[in-house]
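S.K.: Got a predicted structure plus its sequence, pasted below:
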Amino acid sequence: DAGVTQSPTHLIKTRGQHVTLRCSPISGHKSVSWYQQVLGQGPQFIFQYYEKEERGRGNFPDRFSARQFPNYSSELNVNALLLGDSALYLCASSPGQGTDTQYFGPGTRLTVL
Amino acid sequence: QQQVKQSPQSLIVQKGGISIINCAYENTAFDYFPWYQQFPGKGPALLIAIRPDVSEKKEGRFTISFNKSAKQFSLHIMDSQPGDSATYFCAASLIQGAQKLVFGQGTRLTINP
């Protein structure tokens, strides 16, 4: 079975631009979470979606938004990019909520110049 | 109160030795403590997790020790192998919102052959 897939793998943007990152969860998984991992640090929680509804939001500005589609795939959008948004963006899926193991994708490496 | 502090930042162990990574948390409401392993270019993968109603959990060569009164938990890797060389993250969350993981800063483990 395919794991969590994310696209694109790498992305280079300039300050002020907008970016959309995509995630496809493992088949049958209904929960998707997004994390930001700055180089040399642990991942930081951004959003969780379950059954297409936002179930959790981390301490990120309103420039960050996300949505989940009927097929449970998800998009993370970041507006007005800043240099500090450069990071690895990780998507994780799980069958449901609670202590279901979160399976992480390989991430999208975003570089903002 | 949401922080998880991890030490050491880096660790070098000889093949066959014991690798020990420590974490401390502040939020006494945390009740789910997983450890993740991350290889370069990959997303984090769950190794082992524990709840605070037990003081130790062992899976193969990996053991979590948990000290609720000290608000500390640690990962022990027995008979460390070169293939264990990776970055390890501890994390914590509330069972109720277990998808929202708070990660430590990570430990880069190198096992010398």
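M.R.: Received the coordinates, thanks. Here the structure is a predicted model, which is why all the values come from computation and not from measurement.
S.K.: how much space between residue A:91 and chain B?
M.R.: 8 Å (CB to the nearest CB, to the nearest Å). Using the backbone N, CA and C atoms, a C-beta is placed for each residue, glycine as well.
S.K.: Can you say which helix or strand has the closest residue to residue B:44 other than its chain neighbours in it?
M.R.: Of all residues not flanking residue B:44 in the chain, residue B:36 sits nearest, at 3.8 Å (CB to CB, 6 or more residues apart in numbering or on different chains). Taking DSSP states H and E as the criterion, residue B:36 maps to strand B:33-38.
S.K.: so what secondary structure elements neighbour that strand?
M.R.: strand B:45-50, strand B:62-67, strand B:86-92 (3 or more CB pairs under 8 Å, 6 or more residues apart in numbering or on different chains; DSSP states H and E).
S.K.: Return the list of strands paired to it, each annotated with direction.
M.R.: Sheet pairing of strand B:33-38 (DSSP bridges) gives strand B:45-50 (antiparallel), strand B:86-92 (antiparallel).
S.K.: quick one: residue B:24 and residue B:30 touch, right?
M.R.: No: the criterion here is CB atoms under 8 Å, and residue B:24 misses it with residue B:30 at 11.1 Å.
S.K.: contacting residues for residue B:110?
M.R.: B:10-13, B:85 (CB atoms under 8 Å, 6 or more residues apart in numbering or on different chains).
S.K.: what pairs with it across the strands?
M.R.: residue B:12.
S.K.: likewise residue A:13?
M.R.: According to DSSP bridges, beta-bridge pairing links residue A:13 with residue A:112.
S.K.: May I see the helices and strands packed on strand B:33-38 arranged in JSON lines, with mean neighbour count and mean pLDDT as well?
M.R.: Compiled in JSON lines, the helices and strands packed on strand B:33-38 are given as follows (neighbours: other CB atoms under 10 Å in any protein chain shown; pLDDT from 0 to 100):
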{"stretch": "strand B:45-50", "mean neighbour count": "17", "mean pLDDT": "94"}
{"stretch": "strand B:62-67", "mean neighbour count": "18", "mean pLDDT": "96"}
{"stretch": "strand B:86-92", "mean neighbour count": "24", "mean pLDDT": "96"}
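S.K.: Using CSV, lay out those strands together with distance to residue A:82.
M.R.: Listed next are these as CSV, based on distance: least, CB to CB, whole Å:
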stretch, distance to residue A:82
strand B:45-50, 30
strand B:62-67, 37
strand B:86-92, 25
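S.K.: which bits of chain B sit near chain A?
M.R.: By CB under 8 Å from any CB of the partner chain, the residues of chain B that approach chain A are B:4, B:6, B:32, B:36, B:41-46, B:49, B:89, B:91, B:95, B:97-106.
S.K.: pLDDT at residue B:42, what is it?
M.R.: Residue B:42 carries a pLDDT score of 89 in this model.
S.K.: picking up where we left off before, and the strand holding residue B:36 with strand B:62-67, angle?
M.R.: 140 degrees (axes from the mean of the first three to the mean of the last three CA atoms, to 10 degrees).
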